[in-house]
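A.B. asks: Take this sequence and fold it.
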Amino acid sequence: MDVRNWGAAEWGAFGEVGALVVASIAGVLVWQQVRHGRQVREDQTRPYVIVDFEFQGWEVVVAIRNVGTSPAFDVRMKFDKPLESPGRLDPEELAVFTEGIPMLAPGRSIAIPLGSGPQFFSADGEGVPLRYSATVTYRGPNNKRSYDDPPLVLDLMPYKHTLVERDDLHQIHQNLKEIKTLMKSWTSERRLRINTITQAEVDAQHRAWIEEREAARKAREGAAQAEAETSDEESS
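C.D. replies: Alright, predicted model coming up:
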């Protein structure tokens, strides 16, 4: 086919085919953009449940937290090996692991204590696994979608031979002592220096001000009366 011999009809048909191809490509691009926008909105509003080891003081806990923006329903966890504790607790018997969590609200967390850190890392804790892989499954609101995220790794080994930040009663006691010392530096005769005027002193100042005004008024009246008497004497 020699395009040099095309007439108006051939060129018109070619233009229609080209317009159809361009419209098809544009339609595919729009569909991809709509799909991407829907996925972004879903990712922003979906629940997201994570499971990890955390320290609360010396206590090791398994924290189950919904860091998403919508509730998670029927949350269930499965570990690659039985969850063990160095104490007498058998985590496998807890309802949160055997029956799951009916609903976990956004920002809500559930902490299950397993034992103290020294118990895990001491000789008595030998044989207790320090590393687990957990798979969490749950549903979104209105059963719109079920989520099966990639496995999560719970690992206590990085905490071995480390110090954990403490926020216990001892620290609270130290903070209170510091506050008490600071307030002693602020006080004088059991009154805060930033507010040294008592109500009695305010009343005394108010009375003194009234007496001063009254004395000034009497002085003015006396001066006026003396001036009047002097004028009368001069007139007479």
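A.B. asks: now the strands for the chain?
C.D. replies: Along the chain, counting by DSSP state E, strands occupy 49-56, 59-66, 72-79, 101-104, 109-116, 131-139, 146-148, 152-155, 187-188, 191-192.
A.B. asks: Please identify the deepest-packed of the ones you listed.
C.D. replies: Neighbour counts (mean count of other CB atoms under 10 Å) averaged over each of these peak at strand 59-66, with a mean of 20. In short, each C-beta sits where N, CA and C put it, glycine included.
A.B. asks: tilt between it and strand 109-116?
C.D. replies: 160 degrees (axes from the mean of the first three to the mean of the last three CA atoms, to 10 degrees).
A.B. asks: Indicate each strand paired with strand 59-66 and its parallel or antiparallel sense.
C.D. replies: According to DSSP bridges, strand 59-66 forms sheet pairs with strand 49-56 (antiparallel), strand 109-116 (antiparallel).
A.B. asks: would you turn these into TSV with mean pLDDT and distance to P158?
C.D. replies: TSV is the format used below for those (pLDDT from 0 to 100; distance: least, CB to CB, whole Å):
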stretch	mean pLDDT	distance to P158
strand 49-56	91	10
strand 109-116	88	16
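A.B. asks: quick one, what contacts P129?
C.D. replies: When contacts are counted by CB atoms under 8 Å, 6 or more residues apart in numbering, P129 touches 81, 84.
A.B. asks: end-to-end on stretch 89-105?
C.D. replies: Using CA to CA, to the nearest Å, the end-to-end distance of stretch 89-105 comes to 27 Å.
A.B. asks: Tell me which residues are up against it.
C.D. replies: Contact with stretch 89-105 is made by 47, 49, 62, 64, 66, 71-77, 82-85, 110, 112-115, 138, as judged by CB under 8 Å, 6+ apart.
A.B. asks: if we go to 6 Å?
C.D. replies: Contacts of stretch 89-105 from elsewhere in the structure, counted by CB atoms under 6 Å, 6 or more residues apart in numbering, are 66, 71-76, 82-83, 85.
A.B. asks: and the residues you listed as TSV, adding distance to G222?
C.D. replies: Below are those laid out as TSV (distance: CB to CB, whole Å):
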residue	distance to G222
N66	84
P71	84
A72	88
F73	91
D74	94
V75	91
R76	97
P82	102
L83	97
S85	94
